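J.: Sequence and predicted structure, then a few things I'm wondering about:
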Amino acid sequence: MSRITLSQFLIQQQRDGERISAELRFLVEVVARAVKAIGNAVGKGGLTNSLGEAGGENVQGEVQKKLDVIANEILLEANEWGGHLAAMASEEMDAPHQIPNRYPKGEYLLLFDPLDGSSNIDVNISTGTIFSVLRCPDFANGGAAPVDESAFLQPGTRQLVAGYAVYGSATQLVLTLGEGVHAFTLDRETGSFVMTTAHMRIPDDTKEYAINASNARSWEAPVKRYIDELIAGKTGPRGKDYNMRWVGSMVADVHRILTRGGIFLYPKDTKDPTKPGKLRLMYEANPMAMLIEQAGGSATTGYQRILDVQPEKLHQRVPVILGSKNEVERVLGYHSA
Ligand code: AHG
Ligand code: MN
Ligand code: MN
């Protein structure tokens, strides 16, 4: 059986399924082209002097790596000129990025974390790119006016497309158009993304969890109780042993869960009361939550479904608990108990 490429899949979705417009298909193709370029840059490792810090901080006060800046520029440049976007937003930019006047505009908004897990980049561990697509409200004016932050503040349920690329031993693109989750692997010889898994499914049960345990002393009681029970394993109330895996690149941790199940937690902690979690809602939690739900898993803050959170700020943070349904529901139950 011959495998289909990403381009063939998208054409099928546009033609037969009518799942996507021609513009949306083009958008995904452009993002795929950009992540290939980012994968190349990441894959050069120390050969090109692109490892290490850029010497600045992003809007969240985090140190920017050179490759954070390079990945951001690749995505901006690739997506500016095609006429499919009204504006873009990125982890690495304070305010929305406007489409230059010399180019036509389209009705979609693209949000991204250009390089996720970039603290792992200097040690040759998997990183990734996360992206989300929304429709720009009030695009009726033809996109003449600049697009401000408020246009982006839509709950995750409104996402039209969500996905990530993972730069690991292979470069993969994992995607949902709202009808299942499909994984494509970059064939480095032909330069094409080829579908390697259709309809990824997350098992309802698991024996694997992922959490940064160094934050344990600041977790809230429900998370503490849940993790304590997993650690107790066979000797505790769960009656079975659990294994722990933590890459520290959300893309890689979520990719493992989509591949073989598991639960991932970056919960709220009490270290800094101004930060309700570490991960960002609009370009980390929302796209991952859509993918997880589309693959049969669940994604919650502990208090509410992530996709239902009404965003208030472009760069807002949110607690994230996602993965195999029965485990996520148990954690949710401990929060409401
Ligand atoms: P980014 O590199 O885009 O800033 O995101 C890093 C995130 C995420 O990938 C990961 O799960 C988490 O930060 C790890 O953070 P800590 O090492 O601080 O726990
Ligand atoms: Mn990130
Ligand atoms: Mn990042």
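T.: Sure, I can see it. Numbers count the residues shown, from 1 in each chain. Ligands and ions are numbered 1, 2, ... in the order given.

J.: Residue 242: what's it in contact with?
T.: 207-209, 230-231, 233 (CB atoms under 8 Å, 6 or more residues apart in numbering). Placement of C-beta: from N, CA and C, glycine included.

J.: which bits of the stretch 201-337 of the chain sit near ligand 3?
T.: Residues of the stretch 201-337 of the chain that fall close to ligand 3, judged by CB under 5 Å from the ion: none.

J.: Domains in the protein, by residue range?
T.: Following the assignment in automatic domain parsing, the chain carries domains at 6-197, 208-336.

J.: could those go into TSV alongside mean pLDDT?
T.: Shown next, in TSV, are the domains of the chain (pLDDT from 0 to 100):
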stretch	mean pLDDT
domain 6-197	93
domain 208-336	97
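
J.: now the residue of the chain positioned farthest from its centre: how far from residue 169?
T.: Distance from the C-alpha centroid of the chain peaks at residue 235, with 35.7 Å (CA atoms, centre = their mean). From residue 235 over to residue 169 the distance is 36 Å, taken as CB to CB, to the nearest Å.

J.: cool, and residue 160?
T.: Noted for residue 160: a distance of 30 Å to residue 169, by CB to CB.

J.: These two - which one has more neighbours?
T.: residue 160 (19 against 7; other CB atoms under 10 Å).

J.: In this structure the more buried one contacts residue 134, no?
T.: Yes: between residue 160 and residue 134 there is a contact at 6.7 Å, judged by CB atoms under 8 Å.

J.: Now do the shared contacts for those two.
T.: Counting by CB under 8 Å, 6+ apart, the residues touching both residue 160 and residue 134 are residue 108.

J.: From ligand 1, how far off is residue 17?
T.: Distance of residue 17 to ligand 1, given as CB to the nearest ligand atom, to the nearest Å: 32 Å.

J.: Need the three-state assignment for the nearest residue to that residue once chain neighbours are set aside.
T.: The spatially closest residue to residue 17, leaving aside those adjacent along the chain, is residue 179, at 7.2 Å (CB to CB, 6 or more residues apart in numbering). Under DSSP: H, G, I helix; E, B strand; the rest coil, the three-state class of residue 179 is coil.

J.: Now for residue 179: which residues touch it?
T.: 17, 19, 294.

J.: Output the helix or strand harbouring residue 30 as PDB, restricted to C-alpha atoms.
T.: Here residue 30 sits within helix 22-43, counting by DSSP states H and E. What follows is helix 22-43, C-alpha atoms only, in PDB (Å, rounded to 0.1, in the frame of the first residue of the first chain):
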ATOM      1  CA  ALA A  22      -8.300  26.300  -0.300                       C
ATOM      2  CA  GLU A  23      -6.800  29.100   1.900                       C
ATOM      3  CA  LEU A  24      -6.600  26.900   5.000                       C
ATOM      4  CA  ARG A  25      -5.000  24.100   2.900                       C
ATOM      5  CA  PHE A  26      -2.400  26.700   1.700                       C
ATOM      6  CA  LEU A  27      -1.900  27.800   5.300                       C
ATOM      7  CA  VAL A  28      -1.100  24.300   6.500                       C
ATOM      8  CA  GLU A  29       1.300  23.800   3.500                       C
ATOM      9  CA  VAL A  30       3.100  27.000   4.400                       C
ATOM     10  CA  VAL A  31       3.400  26.000   8.100                       C
ATOM     11  CA  ALA A  32       4.800  22.600   6.900                       C
ATOM     12  CA  ARG A  33       7.400  24.300   4.800                       C
ATOM     13  CA  ALA A  34       8.400  26.500   7.700                       C
ATOM     14  CA  VAL A  35       8.800  23.600  10.100                       C
ATOM     15  CA  LYS A  36      11.000  21.800   7.600                       C
ATOM     16  CA  ALA A  37      13.300  24.900   7.600                       C
ATOM     17  CA  ILE A  38      13.200  25.000  11.400                       C
ATOM     18  CA  GLY A  39      14.000  21.300  11.600                       C
ATOM     19  CA  ASN A  40      17.000  21.900   9.300                       C
ATOM     20  CA  ALA A  41      18.200  24.700  11.500                       C
ATOM     21  CA  VAL A  42      17.800  22.600  14.700                       C
ATOM     22  CA  GLY A  43      19.400  19.600  13.000                       C
END
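
J.: Fine by me, we can end here.
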